[in-house]
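Undergrad: Here is the input, now give the coordinates:
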Amino acid sequence: MVAVILTLVLSFLAGGTVWLLAGSRLSLNEDEDVNEVLNLVAYLALALGPVFALVFFLLDRN
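TA: Numbering: from 1, shown residues only. As a prediction, the model looks like this:
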């Protein structure tokens, strides 16, 4: 359970950092506010896989 929570928190931090650095590059919706949220969700989803693998790799080593 701790690994899942750690994965979600680190994914949110990684996705939020990419969103702050790159901005809303994806045009997912015509509405500006909805597009901002959808870009954040997309970056979070893209970060979820690598962070999931990293967390379980590091937990397996201990």
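
Undergrad: longest single helix anywhere in this structure?
TA: Secondary structure of the chain per DSSP state H: the longest helix is helix 32-61.

Undergrad: Just the buried positions in that helix, please.
TA: Residues of helix 32-61 classed as buried by neighbour count (16 or more other Cβ atoms under 10 Å): 38, 39, 40, 42, 43, 44, 47, 48, 51, 52, 55. For the C-beta atoms, the positions are set from N, CA and C on the backbone; glycine is no exception.

Undergrad: now stretch 7-25
TA: Buried residues in stretch 7-25, counting neighbours by 16+ other Cβ under 10 Å, are found at 7, 10, 11, 12, 14, 15, 18, 19, 24.

Undergrad: average pLDDT across it?
TA: Per-region confidence: stretch 7-25 scores 92 on mean pLDDT.

Undergrad: Give me the contacts around it.
TA: When contacts are taken as Cβ atoms under 8 Å, 6 or more residues apart in numbering, the neighbours of stretch 7-25 outside the stretch itself are 35-36, 39-40, 43-48, 51-52, 54-55.

Undergrad: let's go with 6 Å and repeat that
TA: 35, 36, 39, 40, 43, 44, 47, 48, 51, 52, 55 (Cβ atoms under 6 Å, 6 or more residues apart in numbering).

Undergrad: CSV please, covering those residues and showing distance to residue 29.
TA: Formatted as CSV, the entries for those read as follows, by distance: Cβ to Cβ, whole Å:
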residue, distance to residue 29
35, 5
36, 9
39, 9
40, 12
43, 15
44, 16
47, 21
48, 21
51, 25
52, 27
55, 31
